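1. Give me coordinates for this.
(one chain, ligands or ions: 1)
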Amino acid sequence: MKTLLPLAVLGSLLATSALAETYEVQMLNKHPDNAKQRMVFVPDFLKVETGDTVVFKSVDPSHNSQSIKGMIPEGGDVWKGKMNKDVSVTFTVEGLYGYKCLPHFGMGMVGVVQVGDDTSNLEALKAKKAPPKSKAVFDAIYEQIEAE
Ligand SMILES: [Cu+2]
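-> Numbering: from 1, shown residues only. Down below sits the predicted model:
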């Protein structure tokens, strides 16, 4: 009987990890569908579940991805990718996560990851100041979130 419980626990862990998915967000100099849109995360809005992983992929040079202070849920997952490097984030806390590319924040290179169905920190994201181009990208994403 002693070994039955650990095996059951192991089994449920394996089942959980088998369901977790990995998504990719590309860091690009030009949007593939609109060359006028420069310095972008594609996609810039992504909905995932807790346990899922998002890989921010360094496709074009001179980009990074990092979470923005005040734009993540309380106790949420923080990340700060290095320039020209992929960064992988496994989300453990539900909510909205605003993030940016540090050198292109002024050019509108931002995005949002929604983890689970909890959008209760949307007002906190909206209250956070951002450069005008980034604010416009965020506002378009907030409209998508509110339309869900
Ligand atoms: Cu960038």
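2. tell me which parts of this structure are close to the ion?
-> Within the chain, the positions near the ion by Cβ under 5 Å from the ion are 39, 63, 101, 104, 109. In this view, the C-beta of every residue, glycine as well, is placed from N, C-alpha and C.
3. show me the contacts for the spatially most central residue of the chain.
-> Geometric centre of the chain, nearest residue: residue 113, 3.4 Å, by Cα atoms, centre = their mean. Counting by Cβ atoms under 8 Å, 6 or more residues apart in numbering, residue 113 makes contact with 45, 46, 47, 48, 54, 89, 91, 96, 97, 99.
4. which helices and strands does the helix or strand where residue 126 lies pack with?
-> Assigned by DSSP states H and E, residue 126 belongs to helix 122-127. Under the contact definition 3 or more Cβ pairs under 8 Å, 6 or more residues apart in numbering; DSSP states H and E, helix 122-127 sits against strand 95-100, helix 132-147.
5. The same query, at a cut-off of 6 Å, please.
-> For helix 122-127, the packing partners by 3 or more Cβ pairs under 6 Å, 6 or more residues apart in numbering; DSSP states H and E come out as strand 95-100.
6. what ranges do the strands span in the chain?
-> Assigned by DSSP state E, the strands in the chain fall at 22-31, 34-42, 45-48, 53-58, 66-67, 87-90, 95-100, 110-115.
7. CA atoms of the longest one as CSV?
-> In other words, strand 22-31. Taking Å, rounded to 0.1, in the frame of the first residue of the first chain, the C-alpha atoms of strand 22-31 are listed here in CSV:
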residue,chain,number,x,y,z
THR,A,22,4.1,25.8,-25.4
TYR,A,23,3.4,29.0,-27.4
GLU,A,24,5.8,31.1,-29.4
VAL,A,25,5.8,34.9,-29.7
GLN,A,26,8.2,36.2,-32.3
MET,A,27,10.2,39.4,-31.8
LEU,A,28,10.3,41.0,-35.3
ASN,A,29,11.4,44.2,-37.0
LYS,A,30,8.4,44.1,-39.3
HIS,A,31,4.9,42.6,-39.0
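8. Mind listing what's buried along it?
-> Using 16 or more other Cβ atoms under 10 Å as the burial criterion, the residues of strand 22-31 that qualify are 25, 26, 27, 28, 31.
9. related to what we said a few turns ago, any chance of the contacts of residue 113 in TSV with neighbour count as columns?
-> Converted to TSV, these look like this (neighbours: other Cβ atoms under 10 Å):
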residue	neighbour count
45	18
46	18
47	16
48	20
54	25
89	23
91	24
96	24
97	26
99	26
